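Peer 1: when you get a sec, could you give me coordinates for this:
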Amino acid sequence: MTNHVSIPTKIRRFGLIGFPISQSFSPGYFSDKFEKEGLKNCRYDAFPLLSIDLLPKLLNDIPALEGLNVTSPYKSQVIPYLHELSEEAAEIGAVNVIKIENGHMTGYNSDVYGFEKSLLDFLPYSRLLEINALVLGTGGASKATQFVLKKLGIQFQVVSRQSSLTTIAYENISPAIFYAHKLIINATPLGMAPNINDCPPIPYELAGPNHYFFDLIYNPPKTLFLSKAESAGCHIQNGLPMLYLQAERAWEIWNQKTGY
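Peer 2: So this is what the prediction gives:
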């Protein structure tokens, strides 16, 4: 009589770091993906870190981790903890995907892929070349947005709370500037749940049917930023397609063999 010894299946661990992350769709997205695709040996968890300094402890506590997504406010802060960066992540200075292989951590930026594809689905490339963009915010999401706009040859102006050599302040958005920039991209967290009554302080009264409003936020599906634009007859797009695209790109990255 032969005894069959069952070998336990190794659980592949993935997750999300950031703070706060209770409103993130990523854990639900990947959990649904694993269930639908029969990936019973995969698990995705949310890891809210009060400080990026807690990352080494997380890695020590869960050595089976193969990959992490990174969200605000750690997309740039996480870089010193990594061994290597992809070319895109290095140029942007922001990471939202970490691949962990035999202790070697490589940072990538899948926001670039997600934003580029969702933007081109929202606006034909021929139309994009005809208009300029206002990029609201200067954080990690904004850096990925700027990278894509440069790649596509789209002229843009970054807007922040304070003006600098490379940015203008919100209060300095004149009617002339607003009319000269038909694509308005919210790359700030303003309006993200639970703070749904917030929105970037731009002159919405100047918006019209020739404006395109793109919000990188996906929760809620229609932010105050997009609602105001829709009321003015603008074309609008939220960040949900970008979320799905960057998530699938992250999954591809985690499953690439790099030899470490």
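
Peer 1: now do the buried residues in the lowest-mean-pLDDT helix or strand in the chain.
Peer 2: Sorted by mean pLDDT, DSSP states H and E, the helices and strands of the chain end with helix 125-128, the least confident at a mean of 90. Neighbour-count burial for helix 125-128 flags Leu128 (criterion: 16 or more other CB atoms under 10 Å). (Each C-beta comes from the backbone N, C-alpha and C, glycine too.)

Peer 1: distance from the chain centre to it, please.
Peer 2: Using CA atoms, centre = their mean, to the nearest Å, the distance from the centre of helix 125-128 to the centre of the chain it belongs to is 23 Å.

Peer 1: dump that helix to PDB, restricted to CA.
Peer 2: Extracted in PDB, the C-alpha atoms of helix 125-128 (Å, rounded to 0.1, in the frame of the first residue of the first chain):
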ATOM      1  CA  TYR A 125      -3.700  61.000 -30.100                       C
ATOM      2  CA  SER A 126      -4.400  63.400 -33.000                       C
ATOM      3  CA  ARG A 127      -6.600  65.500 -30.700                       C
ATOM      4  CA  LEU A 128      -4.000  65.300 -27.800                       C
END
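
Peer 1: who touches it?
Peer 2: Leu119, Leu120, Leu152, Ile154, Leu183 (CB atoms under 8 Å, 6 or more residues apart in numbering).

Peer 1: I'd like to know which of those is nearest to Gly38.
Peer 2: Leu120 (31.9 Å; CB to CB).

Peer 1: need the pLDDT of the closest one.
Peer 2: Per-residue confidence for Leu120 comes out at a pLDDT of 96.

Peer 1: quick one, phi psi at it?
Peer 2: According to degrees, to the nearest 10, the main-chain angles of Leu120 amount to phi -70, psi -30.

Peer 1: so what's it up against?
Peer 2: Leu128.

Peer 1: how much space between it and Asn219?
Peer 2: Note on Leu120: its distance to Asn219, by CB to CB, to the nearest Å, is 23 Å.

Peer 1: can you check Arg127 too?
Peer 2: According to CB to CB, Arg127 and Asn219 sit 28 Å apart.

Peer 1: over to Gln77?
Peer 2: Between Gln77 and Asn219 the distance is 22 Å, computed by CB to CB.

Peer 1: tell me which residue is most central in the chain.
Peer 2: With distances taken as CA atoms, centre = their mean, Asp111 lies nearest the centre of the chain, 4.6 Å away.

Peer 1: list the contacts of it.
Peer 2: Applying CB under 8 Å, 6+ apart, we find Asp111 in contact with Ala94, Asn96, Gly140, Ala141, Ala144, Thr145, Met242, Gln246.

Peer 1: return the member of these nearest to Met192.
Peer 2: With CB to CB as the yardstick, the closest approach to Met192 among these comes from Ala141, at 10.9 Å.

Peer 1: then the lengthiest helix in the chain to PDB, C-alphas only?
Peer 2: In the chain, assigned by DSSP state H, the helix with the most residues is helix 240-254. Taking Å, rounded to 0.1, in the frame of the first residue of the first chain, the C-alpha atoms of helix 240-254 are listed here in PDB:
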ATOM      1  CA  LEU A 240     -10.800  53.400 -12.800                       C
ATOM      2  CA  PRO A 241      -9.500  52.300 -16.200                       C
ATOM      3  CA  MET A 242      -6.000  53.500 -15.200                       C
ATOM      4  CA  LEU A 243      -6.300  51.400 -12.000                       C
ATOM      5  CA  TYR A 244      -7.200  48.200 -13.800                       C
ATOM      6  CA  LEU A 245      -4.500  48.800 -16.400                       C
ATOM      7  CA  GLN A 246      -1.700  49.500 -13.900                       C
ATOM      8  CA  ALA A 247      -2.900  46.500 -11.700                       C
ATOM      9  CA  GLU A 248      -2.600  44.100 -14.600                       C
ATOM     10  CA  ARG A 249       0.800  45.500 -15.500                       C
ATOM     11  CA  ALA A 250       1.900  45.000 -11.900                       C
ATOM     12  CA  TRP A 251       0.800  41.400 -12.200                       C
ATOM     13  CA  GLU A 252       2.900  40.900 -15.300                       C
ATOM     14  CA  ILE A 253       5.900  42.400 -13.500                       C
ATOM     15  CA  TRP A 254       5.500  40.100 -10.500                       C
END
